[in-house]
Structure formats: C-alpha cells, structure tokens
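# sequence first, predicted model second:
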Amino acid sequence: MNGIVEIKSGKKTYTLRFSYVACMEFERRIFINPTDNPAKVFTDLVYSGLFGEAMRNEKPATEYGVAYDILDEISELDNYDEISGKIWDTYYQSKWGADFQKRLDAFTKANKKKAE
C-alpha cells in the first residue's frame, strides 16, 4: 500500500502510515508551530506517520516524545540519510503528501508573482 514505511529504532520496528489522517496532522503541525528548523519538521513528519498508524488500528495516539526518541536514535546511525530519505520519499509518494506538495508549490508560485 502507498504511504507506508517501516523503520527500525533499537530493537523495535515502527510503522509510519501517511494516510489522509496522518498528512492532515502533519499540515496542522506545520502551520500551528512554523519553524525553520528542519529537525523539528522531520520530527513532526515522523510523529504524523505514527499518528496515522495509531488511528488506523484504533490505538491511542503515540506521545510526541516517541517520535523525538526515534529520531534521536536513528540520527546516530551510519545510514541515517538513507532512512530519512526513505521516510520523506514515502510521504511525498503518498496521495495526500503529494497533494500537499502541489498546493505548497502553487502557493509559492502565486506569492512570487505577487512579489514581482
């Protein structure tokens, strides 16, 4: 299925599900707390994937700290770039992640035209 990626952190494997619910959570987090910090944005993305998986399985939402801890752990791995790339690619290849990117691109182009 599109929009699903598994990542291993320590001895545990986590499923990130970038469904409609997860992608809307990611958008909400980006606009509620805008930041230039790419690590914070990536933490929001991982949290949103965990959130989507929890909602799919009727489980309580994962605490935000879990996403933080996952990223803290995988950031020390030699293949961190590969793992983070896989997560971003999965998000952008999901229906709703791709839709959000299209809307952001259109917004950016419209703002450039206004500035000119």
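Thanks, I have the structure now.
# for the spatially most central residue of the chain, what are its contacts?
With distances taken as C-alpha atoms, centre = their mean, the residue of the chain nearest its centroid is Leu45 (2.0 Å). Each residue near Leu45 by C-beta atoms under 8 Å, 6 or more residues apart in numbering is listed here: Phe26, Ile87, Trp88, Tyr91. Using the backbone N, CA and C atoms, a C-beta is placed for each residue, glycine as well.
# buried residues of the stretch of helix or strand it belongs to, list them for me.
For Leu45, the host element (DSSP states H and E) is helix 38-56. By neighbour count on 16 or more other C-beta atoms under 10 Å, the buried set for helix 38-56 is 42-55.
# same check on stretch 19-26?
Going by 16+ other C-beta under 10 Å, stretch 19-26 has these buried residues: Ser19, Val21, Ala22, Cys23, Glu25, Phe26.
# ok, stretch 99-109 next?
Within stretch 99-109, the residues that count as buried by 16+ other C-beta under 10 Å are Phe100.
# returning to what we had before: need the buried residues of helix 38-56 in CSV with distance to Phe107 and pLDDT, can you?
Shown next, in CSV, are the buried residues of helix 38-56 (distance: C-beta to C-beta, whole Å; pLDDT from 0 to 100):
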residue, distance to Phe107, pLDDT
Phe42, 21, 96
Thr43, 23, 97
Asp44, 19, 96
Leu45, 19, 97
Val46, 24, 98
Tyr47, 23, 98
Ser48, 20, 97
Gly49, 23, 97
Leu50, 27, 98
Phe51, 24, 98
Gly52, 24, 97
Glu53, 29, 97
Ala54, 29, 97
Met55, 27, 96
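# closest one of the residues you listed to Thr15?
Nearest to Thr15 out of the buried residues of helix 38-56 is Glu53 (C-beta to C-beta; 4.7 Å).
# so what's that closest one closest to, chain neighbours aside?
Arg17 (4.2 Å; C-beta to C-beta, 6 or more residues apart in numbering).
# thank you, goodbye.
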